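Undergrad: The sequence and its predicted three-dimensional model are supplied below.
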Amino acid sequence: MSRTERLLDLLQLLRNRRTPVTGPALAADLGISLRTLYRDIATLQAQGADIQGEPGLGYVLRPGFTLPPLMFSADELEALVLGTRWVARRAEDSRLSDAAQNAMSKITAVLPAELRDQVEGSPLIVGQGEIIPAAVDMGAIRLAIRTEHKLSISYRDASGGATDRLIWPFAIGFFDRVRIIAAWCELRQDYRTFRLDRIVGMESLADRYPRRRGAMLKEWRQREGVPPQR
């Protein structure tokens, strides 16, 4: 393990703990000596990490530390590249695609030269694939979800029947060919999913829905057996 990877692992160990953890425990987890651990902690503190504590009492990382440029492993960089490339090519949401490309540009700009070369020369390729395009603005749907506002939609089911619905959207699902909204439907008084390619009209409303988005998402996941995503 390189020293950079070791420092990253040390940060992650501290970030995962809300209470102080002793030096011997950290050293054992990392497979290093106490002397090396103390030197690594001093290095991270010098780079701006608010690590509080001392030998014999334990250490804790205070919130708010921004990772310096070297704090990405090769696997983490490839995951970032693959994720942003997928969003840029497959999300079918122009604002989200632009945001993914901008985010990757910001990350690449602060990487050292050798890691920047790995990103720019990444062999991970995202194919275009066949996607059934949505007829509505996905950016407007994402905004409604973030702000917990209702949407009025005109929806056609698989047989072509049309209905008007008032929904409380709380999630968007990205599948291979289609995108769906998970929402509470006022007409059915129950949770429903709606394919975006079957929404033929949509209006964002000023009304906020009365429940918290996170609570509905948790309840829907439990009912549908959808595991939480990390």
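TA: Okay, I see it. Residues are numbered from 1 along each chain as shown.
Undergrad: where does the most far-flung residue of the chain relative to its centre land on pLDDT?
TA: Distance from the C-alpha centroid of the chain, by CA atoms, centre = their mean, peaks at G56 (36.8 Å). Looking at G56, its pLDDT stands at 78.
Undergrad: Report the contact partners of it.
TA: With contact set as CB atoms under 8 Å, 6 or more residues apart in numbering, G56 has these partners: 22-23. From N, CA and C alone the C-beta is placed, and that goes for glycine too.
Undergrad: swap the cut-off to 10 Å and go again
TA: Residues in contact with G56 (CB atoms under 10 Å, 6 or more residues apart in numbering) are 22-24.
Undergrad: and what of P24?
TA: P24 neighbours (CB under 10 Å, 6+ apart): 34, 37, 55-56, 58.
Undergrad: May I see the PyMOL selection of the buried members of the residues you listed?
TA: In PyMOL syntax, the buried subset of the contacts of P24 is picked out as below (16 or more other CB atoms under 10 Å):
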select buried, resi 37+58
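Undergrad: Just send the contacts of P24 back as a markdown table, with secondary structure and distance to G160 too.
TA: Formatted as a markdown table, the contacts of P24 follow (DSSP: H, G, I helix; E, B strand; the rest coil; distance: CB to CB, whole Å):
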| residue | secondary structure | distance to G160 |
| --- | --- | --- |
| L34 | helix | 71 |
| L37 | helix | 66 |
| P55 | coil | 72 |
| G56 | coil | 73 |
| G58 | strand | 65 |
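Undergrad: Just give me the closest of the contacts of P24 to S73.
TA: L37 (19.3 Å; CB to CB).
Undergrad: Please parse the chain into its domains.
TA: Using automatic domain parsing, the domain ranges for the chain come out as 3-61, 74-120, 138-224.
Undergrad: Run through the neighbouring helices and strands of the worst-scoring helix or strand of the chain on mean pLDDT.
TA: The helix or strand of the chain with the poorest confidence is helix 113-120; it has a mean of 76 (mean pLDDT, DSSP states H and E). Helices and strands touching helix 113-120, by 3 or more CB pairs under 10 Å, 6 or more residues apart in numbering; DSSP states H and E, are helix 74-90, helix 94-110.
Undergrad: Mind listing what's buried along the last one?
TA: In other words, helix 94-110. For helix 94-110, the neighbour count (16+ other CB under 10 Å) marks 96-97, 99-100, 104, 107-108 as buried.
Undergrad: Strands of this structure, start to end?
TA: 51-54, 58-61, 149-156, 162-174, 179-185, 190-195, 199-208 (DSSP state E).
Undergrad: Which of those has the highest mean neighbour count?
TA: Mean neighbour count (mean count of other CB atoms under 10 Å) peaks for strand 179-185 among the strands of the chain, with a mean of 22.
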